[in-house]
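A.B. asks: After the sequence you'll find the predicted model.
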Amino acid sequence: MPRTGGLTLELNGKTSPERLIAEIRRQAPHLLDETPPKPAPVPVKPRPQQAKGRAPEAEPLLTPAEVATMFRVDPKTVTRWAKAGKLTSIRTPGGHRRYRESEVLGLLYGTDTGAAES
């Protein structure tokens, strides 16, 4: 019988999968916990207090790459979320998308900010 971290299972060819799962539930139920752990908060790089051409009271905006890093997804996924209405995007004069930091953080931490409000 192999011994793995306090869990002892008999692995002969006759043991059914149901029996193995029952033994795991009995000896180490935490191994079958199907609830995914919450991801650790991703630190957001510090932004300058005021960028050129921006009013001091303007809300910080994030690029698709910055949002993607926070959610650990591809930047194209962030663009799809904006097209689907999950996030509100703002277009720069050059046509690039930017996202409000407060709305992104609300989505990240599960608080309702209402993408449709703007």
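C.D. replies: Here it is on my side, so go on.
A.B. asks: tally of neighbours for R26?
C.D. replies: As a burial measure, R26 scores 9 neighbours (other C-beta atoms under 10 Å). C-beta: built from backbone N, CA, C; applies to glycine.
A.B. asks: I misspoke; the intended subject was Q27.
C.D. replies: 12.
A.B. asks: For it, give me the pLDDT.
C.D. replies: Residue-level confidence at Q27 comes out at 73, pLDDT.
A.B. asks: Going forward, count from 17.
C.D. replies: All set: I'll call the first residue 17, so the last point we hit is now Q43.
A.B. asks: Pull up the gap between it and L36, please.
C.D. replies: 11 Å (C-beta to C-beta, to the nearest Å).
A.B. asks: can you check T85 too?
C.D. replies: 39 Å.
A.B. asks: and what of E117?
C.D. replies: Taken as C-beta to C-beta, the span from E117 to L36 is 48 Å.
A.B. asks: out of those two, which sits in the busier spot?
C.D. replies: Neighbour comparison, E117 and L36: the larger count goes to E117, with 17 against 13 (by other C-beta under 10 Å).
A.B. asks: for the chain, which spans come out with low pLDDT?
C.D. replies: Scanning the chain for pLDDT under 70 picks out the ranges 17-31, 45-55, 62-73, 128-134.
A.B. asks: Many thanks, we can stop here.
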